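Peer 1: Predicted structure and sequence below. I'll ask about it afterward.
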Amino acid sequence: MKKPRARRRIINSIVEAIQDKKGEDIISLDLRDIPEAICDFFIICSGNSKPQIKAITEEIDMKVKETHKENPYHREGITNMEWVILDYFDIVVHVFEKEKRAFYKLDELWSDAKLTVYKD
């Protein structure tokens, strides 16, 4: 588990990467007080197209690796680019196509979590 300050810096880098590629509806969910949560934080954003989702995902990958020397433990959804997951153990990033995000409603599923909304 990362120290809180280090974790906050990684979250900030992820959000900056999303903003750099014009990702939309950026939020983070603090899941630390939810016993059944699989990680400490979710970061969720939307992209308007598969190329944009790919660009957001690559920017997150690059920025976290360069700044924090960390690679995701696991990546999922890279083939379809509709819902990409980057798993950094205690921080999991979800980059959604807008329609998929509306369908899965991950934001609502974890409605007990502390929500932070970031400017696009």
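Peer 2: Alright, I've got the coordinates.
Peer 1: pull the helix or strand with minimum mean pLDDT from this structure.
Peer 2: Averaged element by element with mean pLDDT, DSSP states H and E, the chain has its least confident helix or strand at helix 106-109 (a mean of 88).
Peer 1: Sheet-wise, list the partners of the next helix or strand after that one with their directions.
Peer 2: In the C-terminal direction, the helix or strand that comes right after helix 106-109 (DSSP states H and E) is strand 114-117. Based on DSSP bridges, the pairing partners of strand 114-117 within the sheet are strand 24-30 (antiparallel).
Peer 1: Averaged pLDDT, the partner strand. What do you get?
Peer 2: Across strand 24-30, pLDDT averages out at 97.
Peer 1: got the contact list for it?
Peer 2: 11, 15, 18-19, 40-48, 98, 101, 107, 110, 113-120 (CB atoms under 8 Å, 6 or more residues apart in numbering). C-beta coordinates here come from the backbone N, C-alpha and C atoms, glycine included.
Peer 1: Going through the residues you listed, which ones are buried?
Peer 2: 11, 15, 18-19, 40-47, 101, 107, 110, 113, 118 (16 or more other CB atoms under 10 Å).
Peer 1: Out of those, list just those in strands.
Peer 2: Secondary structure defined by DSSP state E assigns 41-47 of the buried ones among the contacts of strand 24-30 to strands.
Peer 1: Let me know the distance separating the residue lying farthest from the centre of the chain from M81.
Peer 2: Summary for the chain: using CA atoms, centre = their mean, the residue whose C-alpha lies farthest from the chain's mean C-alpha position is P35, with a distance of 20.2 Å. Here the criterion is CB to CB, to the nearest Å. By it, P35 lies 33 Å from M81.
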